[in-house]
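S.K.: build me a model:
(one chain, ligands or ions: 3)
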Amino acid sequence: MPRSLRLGVLTGGGDCPGLNALIRGLVKRGTHEFGHEFVGIENGYMGLVEADLTRPLTEEDTRGILPKGGTILGTSNRANPFIYAFREGNRWVERDVSDAVLRRCEELKLDGLVAVGGDGTLSIAHRLSEKGLKVVGCPKTIDNDLCGTDQTFGFDTARLIVTEALDRLHSTAESHDRVMLVEIMGRHAGFLTLESGLAGGADVILLPEIPYRVESIVEKLRARATRRRSFSIIAISEGAFPVGGTLAVLDRAEDVPGRGVVRLGGSGKVCADLLAQHIEAEIRVNVLGHLQRGGSPSAADRVLATRYGCGVLDLVRDGKWDHMVALRAGEIVAVPLSESRKERRVDPSGDLVRFAKSMGISFGD
Ligand SMILES: Nc1ncnc2c1ncn2[C@@H]1O[C@H](COP(=O)(O)OP(=O)(O)OP(=O)(O)O)[C@@H](O)[C@H]1O
Ligand SMILES: O=P(O)(O)OC[C@H]1O[C@](O)(CO)[C@@H](O)[C@@H]1O
Ligand SMILES: [Mg+2]
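M.R.: Numbers count the residues shown, from 1 in each chain. Ligands and ions are numbered 1, 2, ... in the order given. You can find the predicted model right below:
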């Protein structure tokens with residue numbers, strides 16, 4: 001019988017469908033097979049900095065959560081222990097509280113920590129590991145932009161939601177002969193836009209990896225109009241921008257204390273304004289926003305998240321701290337956490353882009 005441990009669990013960064021399925025898999029296998037005990041840490045790393053944000057996490061707590069969206073532990077994308085933001089009077093100050101986080105883990109008598117998150121959460125996990133904390137990671141994000149793993153859970157559900165939105169927008173676009181721009185999440189990676197754009201039959205797909213030229217999009221829209229189809233669907237990533245232009249930003253990194261990364265948004269409006277200078281057709285912009293992250297996970301995401309939750313316990317058993325679980329060629333494997341710092345991008349000369357182009361889809365290049 002392997003040694004029973006006391007493990008902390010936190011979910012960090014933006015939530016995504018499948019987090020609860022992962023927590024359930026982790027706690028169920030951990031309890032049944034290893035006799036581990038779990039401590040739920042609330043609101044990501046915030047739960048290791050602020051008081052009263054930890055609680056026992058038992059199998060009973062995981063009953064019925066498999067199909068639920070979000071995370072029962074809560075999350076935060078402004079709780080980086082290395083630049084933690086505190087309110088001092090009427091201003092915010094950022095401090096490194098990583099030593100206090102290590103002390104807190106000792107107080108909680110944790111034998112190890114399971115950190116579930118995207119690039120931010122996992123690179124923080126790696127830095128804490130370098131300071132001596134025993135940490136293992138599980139990758140998650142709807143953006144699918146993490147190196148080291150072939151897929152993150154959350155992506156499949158988001159792709160379904162965006163595809164359905166594109167399907168629905170087709171009928172209204174066609175009835176009104178409109179150009180519909182659909183702004184899609186993904187930060188600086190275009191995976192979600194590319195795959196849902198393909199699945200949803202977009203005519204134009206604009207990605208962060210391929211800066212667009214307005215003239216090229218206009219040419220495509222005009223070509224469609226002469227074929228007596230005067231509506232068009234443009235799937236545009238929130239991180240897309242015109243050649244020579246800049247990212248559309250809602251908050252700069254320095255505008256949100258503790259966040260450390262830029263908040264994107266508005267690329268659809270930027271593109272619509274540029275197009276309006278060239279075409280007569282009516283243009284509408286749809287920003288799908290957090291709908292893309294909400295609600296119940298798909299079956300595929302439930303399975304992948306369950307595999308990650310169960311699989312990470314093999315890393316713990318084997319003493320593979322400072323590693324994360326990953327999917328590679330269909331197998332669950334261990335990958336160094338340092339890998340998660342590298343971000344993955346759509347390959348503009350890869351199969352998907354090449355085939356899409358060969359079918360007549362414009363990428364605005
Ligand atoms: N590449 C990075 N390296 C180090 N720290 C980061 C990085 N990206 C974000 N962070 C920090 O990690 C915290 C969480 O970041 P973020 O909101 O990006 O979450 P995440 O775990 O990457 O999940 P996701 O990006 O999928 O929402 C933030 O406080 C941010 O300061
Ligand atoms: O939930 P927030 O803070 O608005 O962050 C939105 C960002 O998080 C994600 O949904 C997931 O990383 C990105 O696609 C998006 O840019
Ligand atoms: Mg991130």
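
S.K.: okay, CA-based contacts and neighbour counts for the rest of this
M.R.: Will do.

S.K.: need the residues of the stretch 151-300 of the chain near ligand 2, please.
M.R.: For the stretch 151-300 of the chain, the contact set with ligand 2 under CA under 6 Å from any ligand atom comprises 185, 186, 187, 264.

S.K.: and the two most separated of these?
M.R.: For these, the maximum inter-member distance is 9.4 Å, found between 186 and 264 (CA to CA).

S.K.: list residues touching both of the two?
M.R.: Contact with both residue 186 and residue 264 is made by residues 238, 239, according to CA atoms under 8 Å, 6 or more residues apart in numbering.

S.K.: what about the longest helix in this protein?
M.R.: Longest helix in the chain by number of residues (criterion: DSSP state H): helix 155-176.

S.K.: buried residues, that one. List them.
M.R.: By 16 or more other CA atoms under 10 Å, the buried positions in helix 155-176 come out as 155-163, 165-167, 169-170, 173-174.

S.K.: that one near ligand 1 anywhere?
M.R.: No. Helix 155-176 does not reach ligand 1 (CA under 6 Å from any ligand atom); its nearest approach is 10.2 Å.

S.K.: and that helix, what does it pack onto?
M.R.: strand 179-184, helix 191-199, strand 232-237, helix 299-317 (3 or more CA pairs under 8 Å, 6 or more residues apart in numbering; DSSP states H and E).

S.K.: ok, and for the longest one, which residues are buried?
M.R.: Buried residues in helix 299-317, counting neighbours by 16+ other CA under 10 Å, are found at 301-316.

S.K.: farthest-separated two in those residues?
M.R.: 301 and 316 (22.7 Å).

S.K.: residue 360 is in what secondary structure piece?
M.R.: Following DSSP states H and E, there is no helix or strand that holds residue 360.

S.K.: number of nearby residues for residue 270?
M.R.: 17 (other CA atoms under 10 Å).

S.K.: secondary structure class for it?
M.R.: helix (DSSP: H, G, I helix; E, B strand; the rest coil).

S.K.: list the contacts of it.
M.R.: residue 248.

S.K.: again, but for residue 154
M.R.: By CA under 8 Å, 6+ apart, residue 154 lies in contact with 16, 17, 18, 140, 141, 142, 293, 297, 301.

S.K.: for residue 294, see how far away it is.
M.R.: Per CA to CA, to the nearest Å, residue 154 is found 10 Å from residue 294.

S.K.: just residue 174 next, same as before
M.R.: Per CA to CA, residue 174 is found 28 Å from residue 294.
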